[in-house]
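K.L.:
here are the coordinates; sequence isn't available:
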């Protein structure tokens, strides 16, 4: 049997909350005070807009810009998934993300901040925000850490691909078109680093494995096709 064709289309969603996993949310990549500090900085740098109840937010923003929900709720139509995602404080939508949004309606009075994605990254950087896990047995644990900004505005497959490439390039070894991370993070640890719920990460991981991109070996976590992973990570 040949390798399963890798489909870069997020799964269908019903607006119940899991739909936000295709977009970027402070609550998934940042937490608590650090999230509020970044949100305040974004609002200082960006263009604030206030919309009334049941208003259609025009998607006329510049291709390098994103819109961040500051207060209120919007319903975003996701044509690739044939569904709708409910977005609230900290969620991001716009052309600079890799998830197509066809229509955005406010569910109540809503404030959004429109900002170039590069400005969003710069707002995040001064806070030194990093996500970290420790992999291995308690006497020989290896710390792995990443910065969230390369994961902004990415769907879970792109986010996981970027994370895996970063880990191998930073902590592992690369030979020809393969990479080896000498430790093997658990699904929970990968989910923690990527800011993806474990259930969703498991789905993406199974897709990667069946597509011949990753493999868990006795030596550690093997990336078996760096070329295809880099193509995926590029969006």
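P.N.:
Now that the structure is in, tell me what you want to look at. These numbers were taken from a predicted model, which means no experiment stands behind them.
K.L.:
Do a quick rundown of the helices in the protein.
P.N.:
26-29, 32-45, 117-124, 156-171, 187-194, 198-210, 226-233 (DSSP state H).
K.L.:
Out of those, point me to the one whose mean pLDDT is lowest.
P.N.:
Of all the helices of the chain, mean pLDDT reaches its minimum on helix 26-29 (a mean of 64).
K.L.:
would CSV of the helices of the chain with distance to residue 108 and mean neighbour count be doable?
P.N.:
Heads up, the C-betas are built off the backbone N, CA and C, glycines and all. CSV is the format used below for the helices of the chain (distance: least, C-beta to C-beta, whole Å; neighbours: other C-beta atoms under 10 Å):
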stretch, distance to residue 108, mean neighbour count
helix 26-29, 19, 21
helix 32-45, 19, 15
helix 117-124, 24, 18
helix 156-171, 28, 22
helix 187-194, 31, 20
helix 198-210, 27, 17
helix 226-233, 37, 17
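K.L.:
how far away is residue 91 from residue 190?
P.N.:
Taking C-beta to C-beta, to the nearest Å as the measure, residue 91 falls 22 Å from residue 190.
K.L.:
swap in residue 109?
P.N.:
Distance of residue 109 to residue 190, computed by C-beta to C-beta: 38 Å.
K.L.:
tell me the domain ranges of the chain?
P.N.:
When the chain is parsed with automatic domain parsing, its domains come out as 18-126, 130-233.
K.L.:
hmm, back to that, and residue 141, which of the helices of the chain is closest to it?
P.N.:
helix 187-194 (11.1 Å; C-beta to C-beta).
K.L.:
picking up where we left off before, and the helices of the chain as CSV, adding distance to residue 95?
P.N.:
Shown next, in CSV, are those (distance: least, C-beta to C-beta, whole Å):
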stretch, distance to residue 95
helix 26-29, 20
helix 32-45, 17
helix 117-124, 10
helix 156-171, 15
helix 187-194, 23
helix 198-210, 23
helix 226-233, 19
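K.L.:
among those, which is nearest residue 179?
P.N.:
The nearest among the helices of the chain, by C-beta to C-beta, is helix 156-171 at 3.6 Å.
K.L.:
The closest one packs against which elements?
P.N.:
Helices and strands touching helix 156-171, by 3 or more C-beta pairs under 8 Å, 6 or more residues apart in numbering; DSSP states H and E, are strand 142-146, strand 178-181, helix 187-194, helix 198-210, strand 220-223, helix 226-233.
K.L.:
what is the orientation angle of the third one with strand 142-146?
P.N.:
With axes from the mean of the first three to the mean of the last three C-alpha atoms, to 10 degrees as the criterion, the two stretches helix 187-194 and strand 142-146 enclose an angle of 40 degrees.
K.L.:
now what about helix 187-194, what contacts it?
P.N.:
131-133, 135, 144-146, 151, 156, 159-160, 163, 167, 185, 196-198, 200-202, 205 (C-beta atoms under 8 Å, 6 or more residues apart in numbering).
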